[in-house]
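[1] Structure for this input, please:
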Amino acid sequence: MDFDFQPYIIGETLVVRPLKADDFEGLYLAASDPLVWAGHPAKDRHEKEVFRPYFDMLLATEATVVVLEKSTGKVIGCSRYYEAPTSDQDISIGYTFLERACWGGTVNAELKSLMMGHVFKFRPEVWFHIDPTNIRSQKATAKLGAVNMGEEELDLGSGAARWMCFRLTSSDCEEKETT
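    Next up, the predicted model:
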């Protein structure tokens, strides 16, 4: 596929770069707050022994990016690109988490804007797959302008499960920016 799954992107307040093995401690610090995972199916991921295999999986994908505060270099979370399970030509963004101090502001919007901008250089749309119980992620994704296209039974790497499928096209994104 002609897509760079681990770009290096510099934004106004964030740096997005490929995840490296030595990012474990910084990323775990961002993930160690139980409230980060409270609305997520993996509610115990704040525990180091649970987070370690998750980190190893993210690293092995060679498609995960770590998110840093531009001003300090502090790791504040991560996200990941992956091929949409319904088409090997579509790109998805997911597996995103940010430390709680970054919630409710502009960090997620900037992160997703940077990541979507990268996708739109290669593809006209991007997909997001969200657990039906993860209300916070559903709201954040809808704020971006993504449209819920329905639910599907998909295997995103850990077995088949029900996922809400949101799609955002580059033209929808441009339209939202002009309004």
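
[2] average model confidence for stretch 98-118?
    Across stretch 98-118, pLDDT averages out at 92.

[3] Need the residues that contact that stretch.
    4, 7, 9, 11-14, 16, 29-31, 33, 35-36, 65, 67, 76-77, 79, 81, 93, 96, 126, 136, 140, 143-144, 168, 173 (C-beta atoms under 8 Å, 6 or more residues apart in numbering). For the C-beta atoms, the positions are set from N, CA and C on the backbone; glycine is no exception.

[4] again with stretch 78-95
    By C-beta under 8 Å, 6+ apart, stretch 78-95 touches 1, 3, 5-6, 16, 19, 27, 30, 58, 61, 63-67, 96-97, 111-112, 115-116, 119, 122-123, 125-130, 152, 154-156, 165.

[5] Identify those among those residues that sit within helices.
    The members of the contacts of stretch 78-95 that map onto helices under DSSP state H are 27, 30, 58, 61, 111, 112, 115, 116, 119.

[6] related to what we said a few turns ago, hmm, which of the contacts of stretch 78-95 are the buried ones?
    For those, a neighbour count by 16 or more other C-beta atoms under 10 Å gives the buried set as 5-6, 16, 19, 27, 30, 58, 63-67, 96-97, 111-112, 115-116, 119, 123, 125-130, 154, 156, 165.

[7] Report the contact partners of the residue nearest to residue 3 when sequence neighbours are not counted.
    The spatially closest residue to residue 3, leaving aside those adjacent along the chain, is residue 122, at 4.9 Å (C-beta to C-beta, 6 or more residues apart in numbering). Counting by C-beta under 8 Å, 6+ apart, residue 122 touches 2, 3, 91.

[8] Residue 172: which element?
    Assessed by DSSP states H and E, residue 172 sits inside helix 170-178.

[9] before we move on, back to that, would you mind measuring from the residue nearest to residue 3 to residue 101?
    Using C-beta to C-beta, to the nearest Å, residue 122 is found at 32 Å from residue 101.

[10] where in the protein is pLDDT low?
    Applying pLDDT under 70 to the chain flags the ranges 1, 155-158, 173-179.

[11] ok, now with 50
    Residue ranges of the chain with pLDDT under 50: 178-179.

[12] For it, which segments count as strands?
    9-10, 14-18, 64-69, 75-83, 91-98, 125-130, 147-155, 160-169 (DSSP state E).

[13] between those, which one is nearest to residue 44?
    When the strands of the chain are compared by C-beta to C-beta, strand 91-98 sits nearest residue 44, at 13.8 Å.

[14] Name the residues of that closest one that are buried.
    Buried, per 16+ other C-beta under 10 Å, within strand 91-98: 91, 92, 93, 94, 95, 96, 97, 98.

[15] Please save the CA atoms from that strand in PDB.
    Extracted as PDB, the C-alpha positions of strand 91-98 are listed here (Å, rounded to 0.1, in the frame of the first residue of the first chain):
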ATOM      1  CA  ILE A  91      -7.200   3.900   6.000                       C
ATOM      2  CA  SER A  92      -8.500   4.000   9.600                       C
ATOM      3  CA  ILE A  93      -7.400   6.000  12.700                       C
ATOM      4  CA  GLY A  94      -7.900   4.500  16.100                       C
ATOM      5  CA  TYR A  95      -6.300   3.000  19.200                       C
ATOM      6  CA  THR A  96      -6.100   6.700  20.400                       C
ATOM      7  CA  PHE A  97      -5.700   7.700  24.000                       C
ATOM      8  CA  LEU A  98      -4.600  10.900  25.600                       C
END
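
[16] Lovely, talk soon.
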